[in-house]
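*Asks:* model the following, please.
(chains A and B)
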Amino acid sequence: MTARPRSIQPRGARRFALALRAGLGALLALAGGSTVRAAPTVTEAQVRAAFIFHFTQFVDWPPKAFAEPGAPFVIGVFGDKPIDEALTALIRGERFGTHPFEVRRLRRAAEASSCQIVYVSNEAENLFRPAWLRGYPVLLVGETEDFLRSGGMIEFFTDHNEERFRINLNAAHASSLDISAKLLRVAQVLPSP
Amino acid sequence: MRVPRLTLKHKLIGLILLSSIAALLLTYAALLTYEFYSFRRDNARNVTALAGIIASNSTAALIFDDKRLAQDNLAALRSEPDITVAALYDQRGNVYATYPTGLALSTLPPSPGRDGVEMGRSRLTLFAPVTQGQRRAGTLYLASDLGEMYGRFEIYGLVLLAVLAGSMSVSFFISNFFQRRISEPILVLAEMARLISERRNYSIRAHTSRNDELGDLTRAFDAMLDQIQASHSEVEHARDEALAASRAKDDFLAALSHELRTPLNPVLLLASDASARTDLPETIRADFDLIRKNVELEARLIDDLLDLTRITRGKLALDQRLIDPQIALQDAIATVRADAEAKRINLSFNPDSSRPTVRGDPIRLQQIFWNILKNAVKFTPESGSIAVVVRSDRTDGRLLITVADNGIGLTAEELPRIFRIFSQGMHADDGGLHRFGGLGLGLAISRTLAELHSGTIRATSRGRDQGATFVIDLPLATEPSEASLSPAQPAAESSAAAADSTRCILLVEDHAPTRTILSHMLKGRGYRVLTASSLAEARACADSGQKLDVLISDIGLPDGSGYELMAELSARRPLRGIALTGYGMDHDLAESRRAGFTTHLTKPVRIQMIDEALADIFPEGTA
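*Replies:* Residues are numbered from 1 along each chain as shown, chains lettered A, B, ... in the order given. I've put the predicted structure just below:
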């Protein structure tokens, strides 16, 4: 890891910083007023959107996940309009390597296979079953309690008012997704090692 | 101020030690400097690497806002005791996690500083970016205590110092050993040179079997000593021979002079007596007088020769005291007056009325004056004139005795040569004959004598037949002259003379002809004479109970000196004495007076001199 002068920090990094600040502000607010700090209210959707966006930094997709070098990195969202919006705000101008980010609102399961990340919210639980994309290089993120058991890879949950997530390593491996150990360290990993 | 003497040994040891210490110290300094910077660099590298790992591990914690994980990551620093403080700052620059946990925020930089290492005096601080991919998630701050680094550095320095000390002691022993190889032969040579110069023993040798330059030096030294020894023994031999030859020559001259003079004694006594006897015809007396003059001249020449040997040997002793030089001058004038009158020379004397005194030997001063006067008489033709003038210059402290004649004078070439030994004026050599006689010693001796009196003799002349002027220049004495030499007349003498009108003289002389003739003459003058040829005989005579009035004694006697005899006899009875000395003897007037002699005469003597001395002793006459 090399030191990098701040002056040439790219625009994207600043935007990311803004987003993260928003997320943290929300967490602090949720923590219950022990800390008094003037921070804008951050919604759970915004925090999750930020997490989803950050997952892209800790997960390696196999080359076959993209049809071509210029193909977009698609984050598909089932249900949950706020996340959709928060993500759209985050990805503006960002790229995943050579691939520009794109957020799609998914309505049919068939659309999911062309995404790199698919987020399934509680209300969209019936629209998509993770098992359907078994073997596809698609990171499946959800919030239902049995999302991992049904073949999902990352599942959000709340622990002491903190937004946390679990990771199903087997499912990820099965889909040829390489999850960074760094990400594993901040997550609950299933099956537990 | 005395600079302490450093021996060769110490210089060599010092040289070797200094150079090795200088080399070691330079190495030590270079090593320490290098190690200091490499320690610091290594430390910075280590901390940077550590920060990289911590930062890398902390990205997810920061990004996914996992404070516990962030704390745990930092807590891993427990295994690094150097790291005293660590903190994670979030994207906004707020402290997110600290190590140790719960560290007061006031001990931390309020916001992240510039990325990179900062090396302080006692600690190293570092800000490292926490990034994921291209994105910066925050900043890691680490503070590392350099105490341990300095501690290690100190140990390192101490080890080096120990090595330095060890090297120095080894170097000392080595230098001590090697300096001996170099300095010892030199010291041996130095000691040898000292011994040789101290004892003058040139037979000492150093001897060496060394193969280096010092061996060459020692051998060269020995070879040099061989040569010195050889030439030294040659020189010594030659010197010994020369000294022996010189001594032999001196002894020979002394003996010769004595032997030459002794036979003159009876001749002079006889001639002087006969020339004064009125019962002889005038022509006979004139013949005897001629004999007398020539004997006296002969004696004078022998004296000059002897003086010369003394001067060349530096053994001419002066009996210096305060005297009136005009007395000696008058005596000298009296001596030459007869000769001057014979040539009808007008000899005038103009004394200095202030009675000047000089410090000197009266006999030697008289000798100077006599030489100059005799010279003037010799070189002044018949009916000429000689003027003797004495003037004292009290401002300069000089006494000038000028003897000016109107004789044959001196040429410019002759002037510088006349005071040289064996050198007479050209006129003396005219016609290849020593027309004027003499060895040419008188002036040379006179000049030396004048110089011994801190004076000079100068000669001036306007040229041939223009006359010559000699100036004797002597330093004036500031003190007045001592009481004159006249001894106190014993009062008992006249009554002794009254008791027995016949004066009895004890004559002690080992030269039989002199003794016989003198005895004969004294008897002819009405004295009763006892003779002795040695101290023993003289004592026997004295012990025979006869009356003794005067002792006339030679000083150099076979079994003792006349001084002893005089002292011995005069202790027992009132006795007057006349000392006769050979010119070769050390005639010391003071010693003569101390022994009790009234008069001191130098042989050969004219009978008139003895007559005068006796007349002083017996003023009322012989009978």
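*Asks:* which residues touch the residue sitting nearest the centre point of chain A?
*Replies:* In chain A, the residue lying closest to the centroid (CA atoms, centre = their mean) is residue A:52, at 1.4 Å. By CB atoms under 8 Å, 6 or more residues apart in numbering or on different chains, residue A:52 lies in contact with A:75, A:83, A:87, A:117, A:119, A:141. For every residue, glycine as well, the C-beta is placed using N, CA and C.
*Asks:* out of those residues, list just those in helices.
*Replies:* The helices, defined by DSSP state H, take in A:83, A:87 from those.
*Asks:* my guess is residue B:618 contacts residue B:503. True?
*Replies:* Yes - using CB atoms under 8 Å, residue B:618 is in contact with residue B:503, at 6.4 Å.
*Asks:* neighbour count: the two, which is higher?
*Replies:* Shown here are residue B:618 and residue B:503; by other CB atoms under 10 Å in any protein chain shown, residue B:503 has more neighbours (23 against 18).
*Asks:* what's the burial count for the closest residue to chain A within the stretch 301-450 of chain B?
*Replies:* Chain A sits closest to residue B:314 of the stretch 301-450 of chain B, with a gap of 105.6 Å, by CB to the nearest CB. The number of residues packed near residue B:314 is 6, by other CB under 10 Å.
*Asks:* who in the stretch 51-200 of chain B is up against chain A?
*Replies:* Residues of the stretch 51-200 of chain B lying close to chain A (CB under 8 Å from any CB of the partner chain) are B:52, B:55-57, B:59-61, B:63-66, B:69, B:90-92, B:115-116, B:127-129, B:131-137.
*Asks:* which helix of chain B spans the most residues?
*Replies:* Assignment by DSSP H gives helix B:8-63 as the longest helix of chain B.
*Asks:* quick one, the helix or strand following that one and helix B:8-63 angle?
*Replies:* Sequence-wise, the next helix or strand downstream of helix B:8-63 (DSSP states H and E) is helix B:67-75. Per axes from the mean of the first three to the mean of the last three CA atoms, to 10 degrees, the angle that helix B:67-75 makes with helix B:8-63 is 170 degrees.
*Asks:* could you pull up the mean pLDDT of helix B:67-75?
*Replies:* When pLDDT is averaged over helix B:67-75, the result is 88.
*Asks:* and after it, which helix or strand comes next?
*Replies:* Per DSSP H and E, the first helix or strand lying C-terminal to helix B:67-75 is strand B:83-89.
*Asks:* C-alpha coordinates for that following strand, CSV please?
*Replies:* What follows is strand B:83-89 as a C-alpha-only set of coordinates in CSV (Å, rounded to 0.1, in the frame of the first residue of the first chain):
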residue,chain,number,x,y,z
ILE,B,83,4.6,1.4,18.6
THR,B,84,3.3,3.4,21.5
VAL,B,85,0.3,5.1,19.9
ALA,B,86,-1.8,4.3,16.8
ALA,B,87,-5.1,5.8,15.5
LEU,B,88,-7.4,5.4,12.6
TYR,B,89,-9.0,8.5,11.2
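*Asks:* give me the mean pLDDT for that strand.
*Replies:* Averaging the model's pLDDT scores along strand B:83-89 yields 91.
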